[in-house]
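Engineer: Next come a sequence and a model predicted from it.
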Amino acid sequence: QQKVQQSPESLIVPEGGMASLNCTSSDRNVDYFWWYRQHSGKSPKMLMSIFSNGEKEEGRFTVHLNKASLHTSLHIRDSQPSDSALYLCAASDQGGRALIFGTGTTVSVSP
Amino acid sequence: NAGVIQTPRHKVTGKGQEATLWCEPISGHSAVFWYRQTIVQGLEFLTYFRNQAPIDDSGMPKERFSAQMPNQSHSTLKIQSTQPQDSAVYLCASSLERVGAETLYFGSGTRLTVL
(Lines give C-alpha, C1' and ligand atoms only; values in the text may rest on other atoms or scores of the structure.)
Protein backbone atom coordinates (compact mmCIF):
# COMPACT_ATOMS: atom_id res chain seq x y z
CA GLN A 1 0.00 0.00 0.00
CA GLN A 2 1.22 3.46 -0.86
CA LYS A 3 2.92 5.31 1.96
CA VAL A 4 3.71 8.97 2.27
CA GLN A 5 6.55 9.67 4.68
CA GLN A 6 7.15 13.10 6.15
CA SER A 7 10.06 14.51 8.11
CA PRO A 8 10.72 15.91 10.57
CA GLU A 9 7.81 15.08 12.86
CA SER A 10 8.04 18.48 14.45
CA LEU A 11 9.96 21.67 13.95
CA ILE A 12 10.50 24.81 16.02
CA VAL A 13 11.35 27.88 13.98
CA PRO A 14 12.12 31.40 15.25
CA GLU A 15 9.87 34.13 13.95
CA GLY A 16 11.34 35.39 10.70
CA GLY A 17 13.24 32.15 10.16
CA MET A 18 13.03 29.46 7.46
CA ALA A 19 11.13 26.19 7.87
CA SER A 20 11.93 23.24 5.62
CA LEU A 21 9.67 20.20 5.45
CA ASN A 22 10.20 16.97 3.52
CA CYS A 23 7.92 14.35 1.99
CA THR A 24 8.52 11.16 0.00
CA SER A 25 6.13 8.70 -1.59
CA SER A 26 6.83 4.97 -1.87
CA ASP A 27 4.49 4.56 -4.87
CA ARG A 28 6.12 4.97 -8.29
CA ASN A 29 2.71 5.62 -9.86
CA VAL A 30 2.28 8.90 -7.97
CA ASP A 31 1.89 11.94 -10.23
CA TYR A 32 0.52 14.68 -8.00
CA PHE A 33 1.63 16.14 -4.68
CA TRP A 34 -0.14 18.54 -2.38
CA TRP A 35 0.66 20.33 0.84
CA TYR A 36 -2.25 20.93 3.20
CA ARG A 37 -2.13 23.04 6.33
CA GLN A 38 -4.18 22.31 9.42
CA HIS A 39 -4.37 24.81 12.26
CA SER A 40 -5.19 23.45 15.69
CA GLY A 41 -8.87 22.54 15.98
CA LYS A 42 -9.53 23.20 12.31
CA SER A 43 -9.80 21.06 9.19
CA PRO A 44 -7.00 20.69 6.60
CA LYS A 45 -6.89 23.30 3.84
CA MET A 46 -4.92 23.02 0.63
CA LEU A 47 -1.83 25.21 0.72
CA MET A 48 0.03 24.36 -2.47
CA SER A 49 0.10 21.71 -5.16
CA ILE A 50 2.88 20.65 -7.51
CA PHE A 51 2.61 18.26 -10.42
CA SER A 52 5.79 18.90 -12.46
CA ASN A 53 9.47 18.68 -11.67
CA GLY A 54 10.94 21.88 -10.38
CA GLU A 55 9.90 24.67 -8.10
CA LYS A 56 6.77 26.68 -7.45
CA GLU A 57 6.59 29.81 -5.33
CA GLU A 58 3.57 31.52 -3.79
CA GLY A 59 4.41 34.37 -1.48
CA ARG A 60 6.52 33.10 1.40
CA PHE A 61 5.96 29.47 0.44
CA THR A 62 8.08 27.48 -2.04
CA VAL A 63 7.53 23.89 -3.08
CA HIS A 64 10.06 21.67 -4.84
CA LEU A 65 9.38 18.37 -6.60
CA ASN A 66 11.76 15.71 -7.85
CA LYS A 67 9.63 13.11 -9.61
CA ALA A 68 12.51 10.68 -10.10
CA SER A 69 12.93 10.36 -6.34
CA LEU A 70 9.23 11.03 -5.57
CA HIS A 71 10.36 13.69 -3.13
CA THR A 72 8.78 17.03 -2.45
CA SER A 73 9.72 19.72 0.02
CA LEU A 74 7.99 22.80 1.38
CA HIS A 75 9.93 25.85 2.50
CA ILE A 76 8.43 28.69 4.49
CA ARG A 77 10.53 31.83 4.64
CA ASP A 78 10.06 34.71 7.07
CA SER A 79 7.98 32.40 9.27
CA GLN A 80 5.15 34.02 11.23
CA PRO A 81 3.34 32.82 14.38
CA SER A 82 0.28 32.26 12.17
CA ASP A 83 2.29 29.61 10.28
CA SER A 84 2.23 27.41 13.40
CA ALA A 85 0.21 24.40 12.26
CA LEU A 86 0.30 20.77 11.15
CA TYR A 87 1.55 20.50 7.57
CA LEU A 88 0.29 17.44 5.70
CA CYS A 89 1.79 16.12 2.50
CA ALA A 90 -0.51 14.15 0.18
CA ALA A 91 -0.05 12.24 -3.06
CA SER A 92 -2.19 10.65 -5.75
CA ASP A 93 -1.94 9.23 -9.24
CA GLN A 94 -3.77 9.72 -12.53
CA GLY A 95 -5.93 6.68 -11.87
CA GLY A 96 -8.33 8.61 -9.68
CA ARG A 97 -7.39 6.94 -6.42
CA ALA A 98 -8.03 8.87 -3.25
CA LEU A 99 -5.42 11.18 -1.83
CA ILE A 100 -3.09 9.48 0.65
CA PHE A 101 -1.72 11.67 3.42
CA GLY A 102 1.44 11.53 5.44
CA THR A 103 1.32 11.85 9.22
CA GLY A 104 2.43 15.45 9.04
CA THR A 105 5.02 17.87 10.38
CA THR A 106 4.04 20.10 13.27
CA VAL A 107 5.58 23.54 12.86
CA SER A 108 5.80 25.89 15.83
CA VAL A 109 6.96 29.44 15.20
CA SER A 110 8.32 31.04 18.34
CA PRO A 111 7.99 34.83 18.66
CA ASN B 1 -20.92 28.67 -0.72
CA ALA B 2 -21.25 27.10 2.71
CA GLY B 3 -18.47 24.60 2.21
CA VAL B 4 -18.70 20.95 3.22
CA ILE B 5 -21.14 20.55 6.08
CA GLN B 6 -20.75 17.77 8.63
CA THR B 7 -23.15 16.92 11.42
CA PRO B 8 -23.04 16.43 14.31
CA ARG B 9 -19.88 18.27 15.37
CA HIS B 10 -19.50 16.04 18.39
CA LYS B 11 -20.94 12.63 19.18
CA VAL B 12 -20.50 10.54 22.30
CA THR B 13 -21.58 6.91 22.25
CA GLY B 14 -21.32 4.02 24.64
CA LYS B 15 -19.37 0.95 23.64
CA GLY B 16 -21.53 -1.25 21.41
CA GLN B 17 -23.86 1.51 20.26
CA GLU B 18 -24.31 2.70 16.69
CA ALA B 19 -23.11 6.03 15.33
CA THR B 20 -24.23 7.72 12.11
CA LEU B 21 -22.28 10.65 10.72
CA TRP B 22 -23.60 12.97 8.03
CA CYS B 23 -21.91 14.93 5.27
CA GLU B 24 -23.25 17.45 2.77
CA PRO B 25 -20.68 18.11 0.01
CA ILE B 26 -20.18 21.38 -1.78
CA SER B 27 -22.90 21.84 -4.40
CA GLY B 28 -21.64 20.75 -7.82
CA HIS B 29 -18.87 18.55 -6.45
CA SER B 30 -19.12 15.00 -7.72
CA ALA B 31 -16.60 13.24 -5.49
CA VAL B 32 -17.04 12.70 -1.75
CA PHE B 33 -14.42 11.25 0.60
CA TRP B 34 -14.37 10.03 4.17
CA TYR B 35 -11.20 10.15 6.28
CA ARG B 36 -10.57 9.76 9.98
CA GLN B 37 -7.87 11.49 11.96
CA THR B 38 -6.18 10.46 15.19
CA ILE B 39 -2.98 11.61 16.83
CA VAL B 40 -1.40 8.17 16.44
CA GLN B 41 -2.48 7.19 12.91
CA GLY B 42 -2.81 10.63 11.34
CA LEU B 43 -5.27 11.19 8.49
CA GLU B 44 -6.46 7.82 7.21
CA PHE B 45 -8.48 7.29 4.06
CA LEU B 46 -11.68 5.30 4.54
CA THR B 47 -13.81 5.43 1.38
CA TYR B 48 -14.94 7.57 -1.53
CA PHE B 49 -17.77 8.06 -3.99
CA ARG B 50 -17.87 9.56 -7.43
CA ASN B 51 -21.24 10.60 -8.84
CA GLN B 52 -22.80 8.74 -5.88
CA ALA B 53 -21.19 5.43 -6.87
CA PRO B 54 -18.79 3.79 -4.41
CA ILE B 55 -15.32 3.77 -5.99
CA ASP B 56 -12.88 2.70 -3.30
CA ASP B 57 -13.56 1.47 0.22
CA SER B 58 -10.14 -0.05 0.80
CA GLY B 59 -9.65 1.90 4.02
CA MET B 60 -12.87 0.85 5.67
CA PRO B 61 -12.80 -1.62 8.55
CA LYS B 62 -15.07 -4.14 6.87
CA GLU B 63 -17.11 -5.55 9.68
CA ARG B 64 -18.64 -2.54 11.38
CA PHE B 65 -18.25 0.40 9.03
CA SER B 66 -20.46 1.24 6.08
CA ALA B 67 -20.95 4.33 3.93
CA GLN B 68 -23.67 5.38 1.56
CA MET B 69 -24.43 8.23 -0.77
CA PRO B 70 -28.15 8.04 -1.54
CA ASN B 71 -28.19 11.35 -3.44
CA GLN B 72 -25.74 13.97 -4.63
CA SER B 73 -26.32 16.20 -1.63
CA HIS B 74 -25.45 13.91 1.22
CA SER B 75 -23.41 10.95 2.36
CA THR B 76 -23.49 8.98 5.60
CA LEU B 77 -20.91 6.95 7.46
CA LYS B 78 -22.37 4.39 9.85
CA ILE B 79 -20.39 2.61 12.53
CA GLN B 80 -22.11 -0.32 14.20
CA SER B 81 -21.17 -1.64 17.62
CA THR B 82 -18.74 1.22 18.26
CA GLN B 83 -15.52 0.46 20.10
CA PRO B 84 -13.18 2.81 22.00
CA GLN B 85 -10.62 2.52 19.18
CA ASP B 86 -13.17 4.11 16.83
CA SER B 87 -12.75 7.38 18.72
CA ALA B 88 -11.41 9.90 16.20
CA VAL B 89 -12.29 12.97 14.19
CA TYR B 90 -14.13 11.85 11.07
CA LEU B 91 -13.60 14.20 8.16
CA CYS B 92 -15.64 14.40 4.99
CA ALA B 93 -14.24 16.10 1.91
CA SER B 94 -15.49 16.82 -1.58
CA SER B 95 -13.92 17.72 -4.90
CA LEU B 96 -15.13 18.67 -8.33
CA GLU B 97 -14.12 15.33 -9.80
CA ARG B 98 -11.62 12.63 -8.96
CA VAL B 99 -9.31 12.01 -11.85
CA GLY B 100 -6.13 12.86 -10.01
CA ALA B 101 -5.46 16.54 -9.79
CA GLU B 102 -8.38 18.02 -7.92
CA THR B 103 -8.19 19.80 -4.58
CA LEU B 104 -10.09 18.32 -1.65
CA TYR B 105 -12.25 20.62 0.47
CA PHE B 106 -12.76 19.34 3.99
CA GLY B 107 -15.64 19.82 6.36
CA SER B 108 -15.12 20.73 10.01
CA GLY B 109 -15.36 17.09 11.04
CA THR B 110 -17.30 15.04 13.56
CA ARG B 111 -15.47 14.22 16.76
CA LEU B 112 -16.61 10.75 17.84
CA THR B 113 -15.92 9.67 21.39
CA VAL B 114 -16.71 6.09 22.36
CA LEU B 115 -16.84 5.56 26.11
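Structural biologist: Yep, that arrived. Numbers count the residues shown, from 1 in each chain, chains lettered A, B, ... in the order given.
Engineer: Please list all residues in contact with residue 26.
Structural biologist: Picked chain A for this. Residues in contact with A:S26, defined by CB atoms under 8 Å, 6 or more residues apart in numbering or on different chains, are A:Q2, A:K3, A:V4, A:Q5, A:L70. Using the backbone N, CA and C atoms, a C-beta is placed for each residue, glycine as well.
Engineer: I was thinking of chain B, sorry if that wasn't clear
Structural biologist: Counting by CB under 8 Å, 6+ apart, B:I26 touches B:N1, B:A2, B:G3, B:V4, B:S94, B:Y105.
Engineer: again, but for A:D27
Structural biologist: Residues in contact with A:D27 (CB under 8 Å, 6+ apart) are A:Q2, A:K3, A:L70, A:A91, A:D93, A:I100.
Engineer: Buried ones among those?
Structural biologist: By neighbour count, with 16 or more other CB atoms under 10 Å in any protein chain shown, those hold A:L70, A:A91, A:D93, A:I100 as buried.
Engineer: ok, which of those also contact chain B?
Structural biologist: Counting by CB under 8 Å from any CB of the partner chain, the subset of the buried ones among the contacts of A:D27 that neighbours chain B consists of A:D93, A:I100.
Engineer: Adding distance to A:P14, secondary structure and pLDDT, write the buried ones among the contacts of A:D27 out as CSV.
Structural biologist: CSV is the format used below for those (distance: CB to CB, whole Å; DSSP: H, G, I helix; E, B strand; the rest coil; pLDDT from 0 to 100):
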residue, distance to A:P14, secondary structure, pLDDT
A:L70, 31, coil, 94
A:A91, 30, strand, 93
A:D93, 38, coil, 82
A:I100, 32, strand, 92
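Engineer: Now for the buried ones among the contacts of A:D27: which two are most distant?
Structural biologist: When the buried ones among the contacts of A:D27 are compared pair by pair using CB to CB, the two farthest from each other are A:L70 and A:I100, 12.3 Å apart.
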